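1. Any chance you can model this:
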Amino acid sequence: MTEVACKSCKYITSEATVCKICGGRDFTKNWYGYLVVIDPEKSEIAKKLGIKYPGKYALTVS
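-> A predicted model of the protein is given here:
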């Protein structure tokens with residue numbers, strides 16, 4: 001199955017129904033690069049990007 005990214009929070013998932021992070025319903029197949037966040041409380045990058053939950057996030061979404 002193809003992975004898609006939520007256009008609101010950039011969370012990457014293979015289930016394009018409702019985003020489990022933000023509840024958004026707008027997904028795209030057009031995303032580039034990704035970041036895996038394991039512990040958002042200790043990650044400086046996650047803090048800068050506003051990521052509060054562990055998971056896989058797209059760097060660019062179009």
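2. quick one: low-confidence parts of this protein?
-> Low-confidence segments of the chain, defined by pLDDT under 70: 1.
3. Dead centre of it: give me the residue that sits there.
-> Tyr11 (1.5 Å; C-alpha atoms, centre = their mean).
4. what's across from that residue in the sheet?
-> Going by DSSP bridges, Tyr11 is paired in beta bridges with Tyr57.
5. For the residue of the chain most remote from its centre, pull up the helix or strand it's in.
-> Most distant from the centre of the chain: Lys42, at 17.8 Å, with distances by C-alpha atoms, centre = their mean. Counting by DSSP states H and E, there is no helix or strand that carries Lys42.
6. need the contact list for it.
-> Lys42 makes no contacts at all, as judged by C-beta atoms under 8 Å, 6 or more residues apart in numbering. Using the backbone N, CA and C atoms, a C-beta is placed for each residue, glycine as well.
7. how much space between it and Pro54?
-> Lys42 is 11 Å from Pro54, where distance means C-beta to C-beta, to the nearest Å.
8. now swap in Gly24 and tell me
-> In terms of C-beta to C-beta, Gly24 sits 18 Å off from Pro54.
9. Lys7 too?
-> 20 Å.
10. ok, now Ser62?
-> For Ser62, the distance to Pro54 (C-beta to C-beta) stands at 24 Å.
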